[in-house]
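Asker: how would this look folded up:
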Amino acid sequence: MIKTEIYIENQRLDLTKDLSTEFTYNIDDIKDFSSRNTNFSKTIVLPGNAVNNKIFGHIFEFGSSNLYDPAQTNVGYNFNPSKAANCVVFVDKVQVFKGILRMLEIILDNGTIEYECAVFGELGGFIAALGNNKLENLDFSAYDHAWNMTNIQGSWNTIQGSGYYYPLIDYGKVSSANKHDWNVQAFRPALYAREYMDKIINGSGYTYESSFFNSAVFRRLIIPQNGKILVKNTTKLVNADRTVNYNLINLQYFSSSYVKFNSISLAQFTQVDDSSFTYTGTAVANTVINLNLYGFINLLLSGYGTSLLELNFYLYKDTTVIAQKEYREYVSGTIGHQFLWNQTLNATVNPGDVIRIECDCNLQLDPNMQLIEGKIDLYTGSYLKIDSTSTVTVPAEYGDTISINDNIPKGIFQKDFFASIIKMFNMYVVEDPIRAKHLIIKPYIEFYDFDGQSLLAIDDFNSLLKINDQDNLLLEDGAIRYIDWTYKVDRSKPIRIKPMSELNGRYFEFKYKNDADYYNDQYQKKYSQAYGTRIEDSGYDFAKEKQTAEIIFAPTPLVGYNGEDKVFSTIFKLNNNVEDVTEHVIRILQAKKITGVTSYAVKNGGTTLQSLTTYGYAGHVDDPDAPQADLNFGTPGELYFELVTPYPTANLFNAYWSEYISEITDKNSKLLSAFVYLKLRDIQSLDFAKLIYIDGALWRLNSIQDYNPKDIGITKAEFLKVIETTYE
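Answerer: Now for the predicted structure:
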């Protein structure tokens, strides 16, 4: 009798009923050429008995609720049906499925309880684990650093897939008119695509292996900051200080003056003058205002009598006094003493409010007395500080400590980022058959382990198991690893062979996402497609449809100027022929340090920070002077810089997609559907990377559909004919 066992989170479910279900195993869906699929089962019905009710935390009870702890296993009173639970299925002690279990429905019928569940492969579990997490949920705080020339230049020397990198990018209004000298605002920290992928996968509780991720090609890919400006988070809105003494008022009978500060740092405020600060935020700010005014009164009178000195300080919010300090003193001759106003208060500040401090002095002089000399000095250490009660995002200033997490592209789902990287390089993501939550990631051109020079037949899958129980026989150099399933095909069932022209559209479009910056917009208008797009025409006479593979990144045109030897990515808008800084769609570029350029200055405003002959390049080609590899899918219709060497043919399509598209659009390409006889051991050691030999031809296994491990017999499988086995 065949025995089935299901474990979730290492706890065995009770299968008191005769369980029978069907599993589908996938690697690809050639009807949707840019898709990647996972394994799954049909609905599994589990009885609601004492064992299962306990494992599922008595979720069937109407009033059930629990405090979910993600650090604990997802069973018992910690069971959360919205979260994946690790699952392994055994049939006669042979593992036939590994992935996650999802509860679909609970059925209560006349006192009985049933749980309807399904299991999905670990790729599906991985995507489920990512949920709606975004890139900004990743933690790159270990790379916080000071925004200065030392760190900017240092980043160009370590292009290795981790850390930060400062590319020169023309964001608009960051250069002189001839694009020779550059403001430091043109250099913003970018992060590496490899480290994004690493944090996305590991942060979801999965591990992975990928030699491609460790390649020089992938390690040099960066994701630039895509906001309008480089920002920082702060609570400090106004820091206005006196660092030297100054004469606030020369006393007359009545005198008035605003308190001035000579050292001022602002965020979400602008400086009207040295004494007035306008709030530029778009929302009401709850603030704490701290002020400290410290100074000295000097007064010299002659004659006889008594005079009254009134000294008043007012803190204004626009035209309203929100705090004040008053001094009253009767004087009869010469006085000299200190004054101090130290106060903290809470205040709401509205957009457009002006904050300032005014000092009024009124001397009511006795008729028998005369003012000889009088002045009020404000001393070093006086200040006005305004702090927000919550963190606000403000422009970063040169020398500030940059919080990398504040400058990660916003609003990008991790699953979309992951899927786009997979799509760019035509990679397969498969589940390790032994290690839990472990993904193996390879480009299509590396997935099938052969070089096309010779064939080594393995007559039967089970005979291989007798040689090596894990089906990892070491083959001779140049051998194609394949399994002979000729005698596994059930000839009594229909065998269907479809020409691929019956499945695919005529046109295959590979494209970046459109964006509205100047050069992308101009290119789109001129060529009616995004920069770097590739449209492959299969030549099918009976198909007109277009299939599209689009990634979340926008293309980034490179621009050069006459007389300049630097080439740089350009992302700005033009309004009335004037450059305008803009937020933009997330980008992906290749990084390289370029040396030996004409000396240029990096400036902060009018101050030259440093003169350089190197720069941190980033663009769609690997080298702007002698490119060998292009990150576009196709050769652009025109370039916006002068290139003296031939444009590279090694782009994303030619390097990673051309063999795949050639194979599914070749005139001899076929999709084979047949019923095959598979044993439990076949399923246990199923490896989509091995080619299948049937009736004198080699095939790629795409899927096994509705396999029932309890009803050993035939099951439907789908194969794609191998047209070319040599990849360069």
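Asker: C-alpha only now, for contacts and for neighbours.
Answerer: Noted.
Asker: what strands flank the one helix or strand residue 375 maps to, and is each parallel or antiparallel?
Answerer: Here residue 375 sits within strand 369-378, counting by DSSP states H and E. Using DSSP bridges, the strands paired with strand 369-378 are strand 246-250 (antiparallel), strand 285-303 (antiparallel).
Asker: residues contacting residue 385?
Answerer: Residue 385 is in contact with 236, 237, 238, 239, 240, 289, 290, 291, counting by C-alpha atoms under 8 Å, 6 or more residues apart in numbering.
Asker: now swap in residue 287 and tell me
Answerer: Per C-alpha under 8 Å, 6+ apart, neighbours of residue 287: 346, 347, 348, 349, 386, 387, 388, 389.
Asker: circling back to that earlier point, just put the strands paired with strand 369-378 in TSV and tack on mean pLDDT and distance to residue 81.
Answerer: Shown next, in TSV, are the strands paired with strand 369-378 (pLDDT from 0 to 100; distance: least, C-alpha to C-alpha, whole Å):
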stretch	mean pLDDT	distance to residue 81
strand 246-250	86	69
strand 285-303	89	41
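Asker: name the nearest of the contacts of residue 287 relative to residue 590.
Answerer: Nearest to residue 590 among the contacts of residue 287 is residue 388, at 39.6 Å by C-alpha to C-alpha.
Asker: show me where the stretch 351-500 of the chain has helices.
Answerer: 414-424, 444-447, 461-467 (DSSP state H, counting those that start in this stretch).
Asker: pairing partners for the strand or helix carrying residue 98, with directions?
Answerer: Element membership of residue 98 [criterion: DSSP H and E] is strand 94-109. As defined by DSSP bridges, the strand partners of strand 94-109 come to strand 85-91 (antiparallel), strand 112-121 (antiparallel).
Asker: domain assignment for this protein?
Answerer: 4-130, 232-395 (automatic domain parsing).
Asker: closest to residue 514 out of the ones you listed?
Answerer: In terms of C-alpha to C-alpha, the element of the domains of the chain nearest to residue 514 is domain 4-130, at 18.7 Å.
Asker: quick one: end-to-end length of stretch 310-327, please.
Answerer: The first residue of stretch 310-327 is 6 Å away from its last residue (C-alpha to C-alpha, to the nearest Å).
Asker: for stretch 681-701, same thing?
Answerer: So stretch 681-701: terminal residues 17 Å apart, C-alpha to C-alpha.
Asker: buried set for that stretch?
Answerer: 681, 683-686, 688-694, 698-701 (16 or more other C-alpha atoms under 10 Å).
Asker: tell me the centre residue of the protein?
Answerer: residue 135 (3.7 Å; C-alpha atoms, centre = their mean).
Asker: residues in contact with it?
Answerer: Counted by C-alpha under 8 Å, 6+ apart, residue 135 has contacts 408, 409, 410, 411, 412, 413, 414.
Asker: the helices of the stretch 351-500 of the chain: lowest mean pLDDT?
Answerer: Mean pLDDT is lowest for helix 461-467 among the helices of the stretch 351-500 of the chain, at a mean of 34.
Asker: quick one: contacts for the closest residue to residue 178 other than its chain neighbours?
Answerer: Of all residues not flanking residue 178 in the chain, residue 561 sits nearest, at 7.6 Å (C-alpha to C-alpha, 6 or more residues apart in numbering). The neighbours of residue 561, taking C-alpha under 8 Å, 6+ apart as the test, are 178, 179, 567, 641.
Asker: could you identify which of these has the most neighbours?
Answerer: residue 567 (24 neighbours; other C-alpha atoms under 10 Å).
Asker: I'd say that residue and residue 639 touch.
Answerer: No: the pair residue 567 / residue 639 is not scored as a contact, 11.4 Å apart, by C-alpha atoms under 8 Å.
Asker: mutual contacts of those two, please.
Answerer: What both residue 567 and residue 639 touch, as defined by C-alpha under 8 Å, 6+ apart, is the set 558, 559.
Asker: closest to residue 381 out of the strands paired with strand 369-378?
Answerer: Closest among the strands paired with strand 369-378, using C-alpha to C-alpha: strand 285-303, at 7.1 Å.
Asker: next SSE downstream of the closest one?
Answerer: strand 307-317.
Asker: so which helix or strand takes in residue 658?
Answerer: helix 658-665.
Asker: just residue 342 next, same as before
Answerer: strand 334-349.
Asker: quick one: mean pLDDT over that strand.
Answerer: 88.
Asker: ok, it: who's next to it in the sheet?
Answerer: strand 285-303 (antiparallel).
Asker: in the strand it pairs with, which residues are buried?
Answerer: Neighbour-count burial for strand 285-303 [16+ other C-alpha under 10 Å]: 285-291, 293-301.
Asker: what about stretch 523-542, average pLDDT?
Answerer: pLDDT averaged over stretch 523-542 gives 88.
Asker: do stretch 8-15 as well
Answerer: Mean predicted confidence for stretch 8-15 is 87.
Asker: tell me the buried residues in that stretch?
Answerer: Neighbour counts over stretch 8-15 (16+ other C-alpha under 10 Å) mark 8, 9, 11, 12, 13, 14, 15 as buried.
Asker: circling back to that earlier point, among the contacts of residue 135, name the buried ones.
Answerer: Judged by 16+ other C-alpha under 10 Å, buried ones among the contacts of residue 135: 408, 409, 410, 412, 413, 414.
Asker: now distance to residue 172 too, for these, in a markdown table please.
Answerer: A markdown table is the format used below for these (distance: C-alpha to C-alpha, whole Å):
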| residue | distance to residue 172 |
| --- | --- |
| 408 | 20 |
| 409 | 19 |
| 410 | 21 |
| 412 | 24 |
| 413 | 28 |
| 414 | 29 |
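Asker: mind checking which of the strands paired with strand 369-378 is nearest residue 68?
Answerer: Of all the strands paired with strand 369-378, strand 285-303 sits nearest to residue 68, with 35.3 Å by C-alpha to C-alpha.
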